[in-house]
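Enquirer: Sharing a sequence plus its predicted fold:
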Amino acid sequence: MRTDLSALFALALTVVLAGCAPSDHVEGGRIVHRQKSMYRDIIVTENEEYRCMSFARRNGMQTCISLRTPTRLAVPYTRGVFAGLLANPGARRVLVIGLGGGVIPSAMRRIDPDLRIDVVELDPAVVDVARQRFGYREDPRLHTRIGDGRVFVRRQLRAGARYDLIVIDAYERVYVPEHLMTREFITEVKALLAPGGVVASNTFARGPLAPYEAATYQSVFGETRVVDMMLGNRIILAGRDGLPAPDVMRARGRALQPRLAEVGIFAGELDAWPQPPATGVRPLTDQYSPANLLFGHE
């Protein structure tokens, strides 16, 4: 386990790399764009340092970029999912469920231009805002699909597709699409992984929902690890065929550090720590998925 000193050191490095991490409300910011969709009210707020997307219906930050260094990942959890590339450095095909401002697939393309990336996003208005305000650009190896993430996963399974890395970034700070947080869905995600494939899922580090998330992933994958990030997020990391030893992943991070640095990632903050078995809670299922009710008990 990490000592308090090492945790503080990692935190200090995160702050140095990212500057002052943006808060849920961009302090002193002004609204520069507002767009309604059939799902939500999308607001883009900006101050001298950051531009951020939020969904007013839920009042939570979705994406931020630094106006001074827009290619660097400003929000900690967006860096954390890159632990998936250390777990499977040979990844060639990637699926990202949930676009936000598009900073994760954009950073992946910058690190490795040969990656083939599919992104699935429910809300076409989010895609529009990502393109207009956050510099998101598709190319022959980066494709955006509009639709429900679970439906897309099922269609890809039927088509015989397989992915080396699946990033799940569909959860908001105070809202979870419940059908994307059940054992049945996670089982479908595991089936969509190629041999050696890895899933990196942005989830919640604190609160009553956290052990249920852990129990759900562990009921499908067995071993899971966690990358603890600032602002209350954690990345759950799991592999179709298990995960490499932590020292192997750390060595890969050191080797990849020059390329990670291009998008503002320090390899040390991608350390994935064993997650203790979740006890005393049930895995969430299609029949039992009170994910959003659990927020009311924080």
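Expert: Looks like it arrived, so ask away.
Enquirer: which residue ranges form the strands in this protein?
Expert: With strands called from DSSP state E, the chain shows them at 30-36, 41-46, 50-55, 60-66, 93-97, 116-121, 142-146, 163-168, 193-204, 225-228, 233-239, 273-274.
Enquirer: Save those as CSV, and put in distance to Ala251 too.
Expert: All C-beta spots, glycine's among them, are computed from the backbone N, C-alpha and C. As requested, the strands of the chain are exported to CSV (distance: least, CB to CB, whole Å):
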stretch, distance to Ala251
strand 30-36, 43
strand 41-46, 40
strand 50-55, 34
strand 60-66, 29
strand 93-97, 22
strand 116-121, 25
strand 142-146, 29
strand 163-168, 19
strand 193-204, 17
strand 225-228, 16
strand 233-239, 16
strand 273-274, 16
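Enquirer: Which one of those strands lies nearest to Leu293?
Expert: When those are compared by CB to CB, strand 193-204 sits nearest Leu293, at 14.2 Å.
Enquirer: in the closest one, what's buried?
Expert: By 16 or more other CB atoms under 10 Å, the buried positions in strand 193-204 come out as Leu193, Ala194, Gly196, Gly197, Val198, Val199, Ala200, Ser201, Asn202, Thr203, Phe204.
Enquirer: re earlier: mind giving me CSV with the strands of the chain and columns for distance to Gly264 and mean pLDDT?
Expert: Listed next are those as CSV, based on distance: least, CB to CB, whole Å; pLDDT from 0 to 100:
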stretch, distance to Gly264, mean pLDDT
strand 30-36, 23, 93
strand 41-46, 19, 93
strand 50-55, 13, 91
strand 60-66, 8, 83
strand 93-97, 18, 98
strand 116-121, 19, 98
strand 142-146, 20, 98
strand 163-168, 17, 98
strand 193-204, 17, 94
strand 225-228, 16, 94
strand 233-239, 16, 94
strand 273-274, 22, 94
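Enquirer: Of these, which is nearest Ser289?
Expert: Ser289 lies closest, by CB to CB, to one member of those: strand 193-204, at 14.5 Å.
Enquirer: Enumerate the sheet neighbours of the closest one, specifying parallel or antiparallel for every one.
Expert: strand 163-168 (parallel), strand 233-239 (antiparallel) (DSSP bridges).
Enquirer: Let me see the residues that make contact with that strand.
Expert: Residues outside strand 193-204 that contact it (CB atoms under 8 Å, 6 or more residues apart in numbering): 77, 80-84, 87-88, 90-91, 93, 162-169, 171, 186, 189-190, 210, 213, 217, 221, 232-241, 243.
Enquirer: shaky segments in the stretch 1-150 of the chain?
Expert: 1-28, 56-60 (pLDDT under 70).
Enquirer: do the stretch 151-298 of the chain as well
Expert: Looking at the stretch 151-298 of the chain by pLDDT under 70, you get 173-175, 205, 231, 295-298.
Enquirer: Next, format the strands paired with strand 193-204 as a markdown table and append mean neighbour count.
Expert: Shown next, in a markdown table, are those (neighbours: other CB atoms under 10 Å):
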| stretch | mean neighbour count |
| --- | --- |
| strand 163-168 | 25 |
| strand 233-239 | 25 |
